[in-house]
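J.: got a structure for you, letters missing:
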């Protein structure tokens, strides 16, 4: 019998999502300050008060969105995933002129963190994961990222026959699992680049139509 992860406390969850442009601007400024303070002082020295002061907003305004620094971290990670999914949709899936091999390369580079615009991750984030995200939230992120692979295949009229669902899920596990492990051991960018190139070759071989007949 397996034991599920304990649910995250209410104080580890963001209270609301920004809807209007001004609110989105404020939350982005909060995230930017959060990253600067973490990089400068470390997680243990990071407080919501410091983030509010660096952002230039009242602590009460920050608490409207994030009741704790754990909730702020949870919101930031979710924000990064959403930003990555948006960029993949715009740059990898939507363009009609890309070949399926180009789409695979673009997807891998985004998932590997080599094409992100405003995201930052620290190895310390891995140890915070059980605190800020329960199994249900991790499963949702897993399904969303698997869905990106499925939409990529659907956007490839030049890829026939299409790879099996089992192949697609195996590739998803290989890439995202590798990204998480690389983060955990803090690989530098040059080694991430090399890993991404090798994974691109393996994914193209696995998806090559002549190898799925």
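T.: Happy to help now that I have it. Fair warning: this is a prediction, and the values are worked out from it, not measured in the lab.

J.: Could you measure from residue 28 over to residue 129?
T.: Residue 28 sits 23 Å away from residue 129, going by CB to CB, to the nearest Å. (C-beta placed from N, C-alpha, C; glycine too.)

J.: check contacts around residue 35.
T.: Taking CB atoms under 8 Å, 6 or more residues apart in numbering, we find residue 35 in contact with 76, 120.

J.: May I have the predicted confidence score for it?
T.: On pLDDT, residue 35 comes in at 94.

J.: Flag every buried residue along whatever helix or strand it lives in.
T.: Taking DSSP states H and E as the criterion, residue 35 maps to helix 21-41. Neighbour-count burial for helix 21-41 flags 26, 27, 30, 31, 33, 34, 35, 37, 38 (criterion: 16 or more other CB atoms under 10 Å).

J.: From those residues, pick the one nearest residue 47.
T.: Checking those against residue 47 by CB to CB gives residue 37 as the nearest, at 8.4 Å.

J.: Is it correct that the closest one is in contact with residue 55?
T.: No: with contact defined as CB atoms under 8 Å, residue 37 does not count as touching residue 55 (9.9 Å).

J.: what domains does the record give for the protein?
T.: 12-67, 70-211 (automatic domain parsing).

J.: Could you tell me the end-to-end distance of the first one?
T.: Looking back up the chat, that one is domain 12-67. 7 Å (CA to CA, to the nearest Å).

J.: Leaving out chain neighbours, which residue sits closest to the most centrally placed residue in the chain?
T.: The C-alpha lying nearest the average C-alpha coordinate of the chain belongs to residue 81 (CA atoms, centre = their mean; 3.2 Å). Distances taken as CB to CB, 6 or more residues apart in numbering place residue 141 nearest to residue 81, at 6.0 Å, with adjacent residues excluded.

J.: What separation do you get for the one you found and residue 182?
T.: Relative to residue 182, residue 141 is positioned 17 Å away (CB to CB).
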